[in-house]
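show me the folded form of this:
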Amino acid sequence: MKRLIVFLILLCATVCGMTVQNGATSVITYFVLRDQTAGTVDTGVTLANIDMYYVEEQAAISGKIDAAAHGAATDAWTSGEVFHCGFGVYRIDWPDAAFDSGIGKKVQLIVIDGDGGAFTEILEVELSPPTNVITIEGTDATDALDSAAETGADASLVTVNLDHLLKTTTGVAAGGDLTNHVADQTILSHILSNANTSDYGSDDDSLVVLSDNLDAVLVDTAAMDTAGEWDTLNATVVTAVGNIETDTAAMDTAGEWDTLNATVVTAVGNIETDTAAMDTNSEMKSLVWSSAMVDMTAGEPAYDANALHALNWIYQAWRNKTVTTATEVKLYKDNASTIATETTISDSGTAFTKGEYRAE
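Below is the predicted model of the structure:
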């Protein structure tokens, strides 16, 4: 039975672990020292004969720390000093170096009775990361926390000028520069003015102004069926766009936007059917030089193709992929895989002959 009791006492010699912040200073622990013979608490350990060691994880044991006696249980921390608080409970003040091996590491704190009367005691300490502690004072902690959160949130909004979005005036007059409140290259500056906030002016670019200017668009509803009326339409549109900034009376009744749209569609449609329009050199040049090339439909080029198609085939022959063998030439469409047209070629030694282009 005595052996069993001693075995149980030895099992209890390692005290359950505790957590200490990595890098902590002035750490104080309390150990219960037990008599090796009786197994009871030992209240008579000579303080000056207590030896202290610590073992940091994956490191050798420290050198022996010879204890010195504290004068009272309330004394300030002093590395290496100990005090018997009563009932076999001993206060141990550890050196700071025992608690700096790194977050998550473990440290074994070892207390030995140099006289050999008490069991050796070991305390395992795990080093934790730093923690932030908020102390709330006052009779209503919830109100204090709400107030602190509101103050912090307000300060953050002011830092990035978000308070000016809904509540606080910017102090900038209509049309003034908002760069100090909306920095260039921010998302909002891209929306306002192509990333350059100084180019934005509320007197010209605000949604109210744009809405009023849209109402100001006016177009002649007459058909484009007389010479020069395309010029008139163009001039009218240019003028109307210019009036976006100044004329707020136009487009202010129901259906006027539909009328504008129908007029423009009719005018554009009349380009193909009304031979009276486009009757000046400048108008014809404008029509020809603004016409875009297209990827021609595969097949035999027509002998009576219009001028645009003729130019288009010439451009396509110059631009697109062409494959020439000893007997034929193949011209491809823009995708470089579909044959647009082809022809045969031959060379008799005295004459080179190219046939008429045809469908594949």
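
tell me which stretches of this protein form helices.
For the chain, the helices defined by DSSP state H occupy 2-11, 141-159, 163-166, 187-193, 202-205, 207-215, 229-243, 256-273, 281-289, 307-319.

would you single out the least confident of these?
Note on the helices of the chain: lowest mean pLDDT is at helix 2-11, with a mean of 39.

which strand residues bridge Val107?
Glu56, Val125 (DSSP bridges).

burial measure for it, as a count.
Val107: 24 surrounding residues under other CB atoms under 10 Å. All C-beta atoms are positioned from the backbone trio N, CA, C, and that covers glycine.

same question, the one 10 residues further on
A total of 17 residues lie near Gly117 under the criterion other CB under 10 Å.

what's near enough to touch it?
Contacts for Gly117 (CB atoms under 8 Å, 6 or more residues apart in numbering) come out as Asp35, Gln36, Thr37, Asp42, Gly44, Val45.

what subset of these is buried?
Asp35, Gln36, Asp42, Val45 (16 or more other CB atoms under 10 Å).

farthest-separated two in those?
Maximum pairwise distance among the buried ones among the contacts of Gly117 (CB to CB): 11.3 Å, between Gln36 and Val45.

mind listing the shared neighbours of those two?
Gly117, Ala118.

ok, and what's touching stretch 182-200?
So stretch 182-200 is contacted by Asn161, Asp177, Leu178, Thr179, Asp205 (CB under 8 Å, 6+ apart).

top of those by neighbour count?
Scoring these on neighbours with other CB under 10 Å, the highest-scoring entry is Leu178 at 20 neighbours.

list the contacts of that residue.
Thr170, Val172, Leu192, Thr197, Ser198, Tyr200.

would you confirm that Lys321 contacts Thr338?
No. Using CB atoms under 8 Å, Lys321 is not in contact with Thr338, being 10.0 Å away.

so if I had to pick from those two, which one is more boxed in?
A side-by-side neighbour count of Lys321 and Thr338, using other CB under 10 Å, places Lys321 first with 14 against 11.

give the contact list for the more buried one.
Taking CB under 8 Å, 6+ apart, one finds Leu331, Tyr332, Ala336 in contact with Lys321.

switch to 7 Å and redo it
Shown in contact with Lys321 (CB atoms under 7 Å, 6 or more residues apart in numbering): Tyr332, Ala336.

and if you look at the one 10 residues further on?
Applying CB under 7 Å, 6+ apart, we find Leu331 in contact with Gln316, Ala317, Asn320, Thr322, Ala340, Thr341, Glu342.

endpoints of stretch 292-301, how far apart?
Stretch 292-301 has an end-to-end distance of 18 Å (criterion: CA to CA, to the nearest Å).

for that stretch, which positions count as buried?
For stretch 292-301, the neighbour count (16+ other CB under 10 Å) marks Met296, Pro301 as buried.

what's the mean pLDDT across it?
Per-residue scores along stretch 292-301 average to 88.

related to what we said a few turns ago, let me have the contacts of Gly117 in TSV, extended by pLDDT and distance to Gly80.
Shown next, in TSV, are these (pLDDT from 0 to 100; distance: CB to CB, whole Å):
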residue	pLDDT	distance to Gly80
Asp35	94	24
Gln36	93	24
Thr37	93	28
Asp42	95	20
Gly44	93	21
Val45	95	16
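
so which of the residues you listed is the closest to Phe87?
Of all the contacts of Gly117, Asp42 has the smallest distance to Phe87: 10.3 Å, by CB to CB.

residues contacting stretch 343-360, please?
Here stretch 343-360 makes contact (CB under 7 Å, 6+ apart) with Ala298, Gly299, Glu300, Pro301, Thr327, Glu328, Val329, Ile339, Thr341, Glu342.
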